[in-house]
Structures are given as C-alpha cells and as structure tokens.
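Trainee: show me the folded form of this:
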Amino acid sequence: MQSSKKRYVLVGTGNRGATMWGKDLVERWSTEVELVAVCDLNAMRAKRALDYIGAMVPVYADFDELLRTEKPDLVIVCTRDSTHDDLIVKAMEAGADVISEKPMTTTVDKIKRILNAEARTGKRLDISFNYRFAPTAAKIKELINSGVIGEVASVDFHWYLDTSHGADYFRRWHAFTENSGSLFVHKATHHFDLLNWYLDSDPETVSAFADLKHYGRKGPFRGERCRSCRYKEECDYYLDISATPLLESLYEEPSTVDGYVRDACVFREDIDIPDTMVASIRYRNGVNVSYSLNTYMPIEGHHIAFNGHKGRIELRQYEKQNWTTPPADEIVVMKNFGDVERIWVPHSSGGHYGGDDRLRNMLLRAGPNDELKQRAGSRAGAMSVLCGVAALQSSRTGQQVSIADIWGKDDGLNLLEPRP
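Mentor: As a prediction, this is how the structure comes out:
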C-alpha cells in the first residue's frame, strides 16, 4: 500500500531550515511528511543539521541530482533570498510543489520567472507568511472584516527590531542588497504582506526614505568578525556564537568550507542596505499607509492602528523589552461615538505566538478551513516583494514609484488585475 505521506526535501540547512522545517517537522508532522534528503552547498553544515534534526537521509550538493534521484513531492526552500527563484522553478519543473521561506524572491524579473513556471507546470507554491497565522493578527483581520470601525481609510504601522535581532541582519548575508533585496524586501515582506492581507488590496504607489545611520560605515570601529575582533571588550554588538550550541555547530567549523561566518562585523564598510526606513503607501482601494522599520531599538515588536470612518483598532505588540508585560496582546477598539472595547488575545505555544504551528498545519494537514484566507501563494509573495522593491527604488531615487511601472509588461501573468 502506497504511503499517503508527502516525501519532502529541505534545501538550505541553516538555522531556519534545521529548526522550523527540519527538526520540528520530523518530530511533530511525521504522519504528514517524510524527510527524504537535504541539499546544501556546504556538506559539513548539512551533516551537522541532520545530526540536530535526528534524521539519516542523503545529503546533496547538486540540486538537479537530488531532483532526478529522489523525485520529491514537496521541496522546502530555505536558502539565500536571491537563490529562491532557481530552486523554485527547478522544483516545479521536476513535478514538486514548493514551500518557500519569505521573501519569495528579490527582483521583478525573478518574480516573473517564478509565476511563469507555476502557470506552466501547474504546481503550487506556498510562501511562509507565518505572521498571518499569529492569533492576534487573525483577530485583527476578523475585526476589520466585521466592519466594526467601518471602511478603513488609513493605517499607521511601525516595526521595531532590537539591538539583538536587528543587528543580526547586519552580521549575515542579508547585509547586502544583492543577496536580500535589502530589509525593505527581506524583513518588510512580512509587514507588506500583512497590510495586503488585512486590507484585502494591493499597493499601488510607494514613496520612501531610507538611510544607513547606525551600522556599517557609521560604526565607531570595525573588524572582520566578532571572534577575532580586537574591540570585543568594548563593542556593544559583540556576539559569542559559542554560547549557542546550534549556531556554533552549523556555522563555525563549516565556515572553513565556504568562508561564511555567522558573526561578521555589523560595522563592515561594504554593507549597502539601509537600517532606518520609512514609507508612504497608497493602496488600490484608496487606503493610505504610514510605515516604518527601525533596526537598533531597545524594544522588539510593533505598533499598528487602523483608522476607519467609525473608529480605530489599535495594537501595541511587545515581543521583547526590559519590562514585564502581560502574557497576552491587548487590541483596543475605539468607536467614534461609542464605548471602548479592550480585547485580550492570549499567546499560544510555538514560534510567532503560535503562528508557526498554525501555518504548518494549514500547509501540511488536510482539513483546516481558510475562512480568513491566511494561506499565501505566489501572488501574495509577488505583491509583498514588489512593494519592497518599489520602496527601495523610491528611497534611492527620491521619486514616488508606481507598482505598475516597475512591473512593466505583464507578459500574460495578470498580476496587476483586480484581486479574484
């Protein structure tokens, strides 16, 4: 009797791949999926990841060979953002469905390549937008859909990355636009997707400002990496990865193979992405959004407010800070001519307050309904990336950027047609 499990392969065995899509799936979703192989250009890292995952499967450096040999049903992509398109397209052409970590990709041409491949092959691409599945986000979506504040006119949305999480992007490959598309794409793709989903609309024009104000060449001193830096005693951003066994295992000795270190200096002079970003976004349905992303804050979390014709929905979500907060999120619903309602949404177990588990259940387990349209496919991935690409271009040119203009010739993809 043929097994109903999906045979899946993991491509990219860094921290995210080894945990979210490796060990967790093997231990908790084993009735739905079976890991049959991993792929990574660094064989040492892949083998270390498998030790952590607790699986004995083949390791491939050649993705084409993996596809020919293993013939997987599902490919999960956790590599550098700029490489996603090659892997997604090859996987779909080989007959596999794909789950890709966000962002889907980094450029307009790569978006078009992916959408064309999906249409040509009939395979499915899902994007790992786990923030949609967080209980608080789901509650906000329900409130907006209920019409309690009427038609939304504008949104205030501000995201704060602290001096641990925010700095980490500047230690790694994300610090270069060529790899990540900048944090307007890599990180803000989450935020732009949330906006697109909350508002059930698409961005139309973007005007943005962004600067490198804190990291990179703005730093007071610099070295190659923390481990060998002569400023480690005085640098606030010194990172000892040996204090985290998984990071040490996946990155330290494996760096002798490919040269990629996990504790590169956050003040490297060649860093070319901004660390301080603001954007004004006009949506097709007329909603105006004020957005910001800062990467060196004393707090981690975000503030979002929806301003409607009948009132306002507001959330200040704390993820990490130096004071105690309740183990729940408070959503405040303020009516123009009525009472204030305070709604407490408890945190759930699992990453992103339970969003990671709900995402994996939706993608891997039959049965969960999708009344809130949380499952995100290639169109959602494309629109969030396009918003980030437009924001980066606007910040560099000083001009307002139209999504339609950067998309250019549609080539029959119909991406900019009204939502179905």
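
Trainee: didn't Y260 look like it was pressed against R225?
Mentor: No - Y260 lies out of contact with R225 (Cβ atoms under 8 Å); the separation is 10.7 Å. Any C-beta I mention is one placed from the backbone N, CA and C, and that applies to glycine too.

Trainee: overlap in contacts, the two.
Mentor: With Cβ atoms under 8 Å, 6 or more residues apart in numbering applied, the contact sets of Y260 and R225 do not overlap.

Trainee: in the stretch 1-150 of the chain, where is pLDDT below threshold?
Mentor: 1-3 (pLDDT under 70).

Trainee: residue boundaries of the strands in it?
Mentor: Assigned by DSSP state E, counting those that start in this stretch, the stretch 1-150 of the chain shows strands spanning 6-11, 33-39, 59-60, 74-77, 97-100, 125-127.

Trainee: rebuild those as JSON lines, extending it with distance to W21 and mean neighbour count.
Mentor: Formatted as JSON lines, those follow (distance: least, Cβ to Cβ, whole Å; neighbours: other Cβ atoms under 10 Å):
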{"stretch": "strand 6-11", "distance to W21": "6", "mean neighbour count": "23"}
{"stretch": "strand 33-39", "distance to W21": "9", "mean neighbour count": "23"}
{"stretch": "strand 59-60", "distance to W21": "16", "mean neighbour count": "20"}
{"stretch": "strand 74-77", "distance to W21": "5", "mean neighbour count": "26"}
{"stretch": "strand 97-100", "distance to W21": "8", "mean neighbour count": "24"}
{"stretch": "strand 125-127", "distance to W21": "12", "mean neighbour count": "25"}
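
Trainee: what about the strands in the stretch 301-420 of the chain?
Mentor: According to DSSP E, counting those that start in this stretch, the strands that the stretch 301-420 of the chain contains are 311-320, 328-335, 340-346, 401-402.

Trainee: just to revisit the earlier point, which one of the strands of the stretch 1-150 of the chain lies nearest to V385?
Mentor: strand 125-127 (9.6 Å; Cβ to Cβ).

Trainee: got a list of what G14 touches?
Mentor: Contacts for G14 (Cβ under 8 Å, 6+ apart) come out as 45, 49, 78, 250-251.

Trainee: from L239, how far off is it?
Mentor: Distance of G14 to L239, given as Cβ to Cβ, to the nearest Å: 16 Å.

Trainee: before we move on, the earlier item: most neighbours, which of the contacts of G14?
Mentor: Neighbours here mean other Cβ atoms under 10 Å. Within the contacts of G14, the largest count is held by A49, at 28 neighbours.

Trainee: ok, and the closest non-adjacent residue to that one?
Mentor: Once flanking residues are discounted, A49 sits nearest to T13: 3.6 Å by Cβ to Cβ, 6 or more residues apart in numbering.

Trainee: over to L194?
Mentor: What sits nearest to L194 in space, not counting adjacent residues and going by Cβ to Cβ, 6+ apart, is Y131, at 5.6 Å.

Trainee: kindly report the same for H174.
Mentor: S180 (4.3 Å).

Trainee: next one: G354
Mentor: Nearest to G354 is S348, by Cβ to Cβ, 6+ apart, at 2.7 Å.

Trainee: now do L50
Mentor: Residue nearest to L50 in three dimensions, not counting chain neighbours: V38, with 6.4 Å by Cβ to Cβ, 6+ apart.

Trainee: over to E178?
Mentor: Counting by Cβ to Cβ, 6+ apart, the residue nearest E178 is S82, at 6.4 Å.

Trainee: ok, the one you found - contacts?
Mentor: The contact partners of S82, by Cβ under 8 Å, 6+ apart, come to 105-106, 110, 178-181.

Trainee: wait, the residue nearest to L50 touches M56, no?
Mentor: No - V38 lies out of contact with M56 (Cβ under 8 Å); the separation is 10.9 Å.

Trainee: circling back: out of the strands of the stretch 1-150 of the chain, the one nearest E27 is which?
Mentor: Nearest to E27, of all the strands of the stretch 1-150 of the chain, is strand 33-39, at 10.8 Å by Cβ to Cβ.

Trainee: so where does H190 fall, helix or strand?
Mentor: According to DSSP states H and E, H190 maps onto helix 188-199.

Trainee: now do the buried residues in the next helix-or-strand element following that helix.
Mentor: Following helix 188-199 in sequence order, the next helix or strand is strand 203-211 (DSSP H and E). Using 16 or more other Cβ atoms under 10 Å as the test for burial, strand 203-211 gives 203-208, 210.

Trainee: hmm, which two among the residues you listed are most spread apart?
Mentor: Greatest spatial distance among the buried residues of strand 203-211 (Cβ to Cβ): E204 and A210, at 19.8 Å.

Trainee: ok, now which ones touch R316?
Mentor: With contact set as Cβ under 8 Å, 6+ apart, R316 has these partners: 301-303, 330.

Trainee: at 7 Å instead, please
Mentor: Taking Cβ atoms under 7 Å, 6 or more residues apart in numbering, we find R316 in contact with H303.

Trainee: try the one 4 residues further on
Mentor: Contacts for K320 (Cβ under 7 Å, 6+ apart) come out as 162, 300.

Trainee: what bridges to it?
Mentor: Legend: beta-bridge partners of K320 under DSSP bridges are E300.

Trainee: now do G350 against P245, distance only.
Mentor: G350 sits 21 Å away from P245, going by Cβ to Cβ.

Trainee: then S154?
Mentor: 46 Å.

Trainee: who has more neighbours, those two?
Mentor: More neighbours surround S154 than the other of S154 and P245, with 15 against 10 (other Cβ under 10 Å).

Trainee: A94: what's it in contact with?
Mentor: By Cβ under 7 Å, 6+ apart, the contact list for A94 reads L67.

Trainee: check the gap between it and L74 for me.
Mentor: Distance, A94 to L74, by Cβ to Cβ: 11 Å.

Trainee: ok, now G122?
Mentor: When distance is defined by Cβ to Cβ, G122 is 15 Å away from L74.

Trainee: and the residue nearest to L194, how far from R312?
Mentor: Y131 is 21 Å from R312, by Cβ to Cβ.

Trainee: A243: neighbour count?
Mentor: So A243, with other Cβ under 10 Å, has 8 neighbours.

Trainee: tell me how far stretch 116-135 lies from the chain's centre.
Mentor: 13 Å (Cα atoms, centre = their mean, to the nearest Å).

Trainee: equivalent analysis for stretch 204-214, please.
Mentor: Centre-to-centre, stretch 204-214 and its host chain are 19 Å apart (Cα atoms, centre = their mean).

Trainee: no further questions, thank you.
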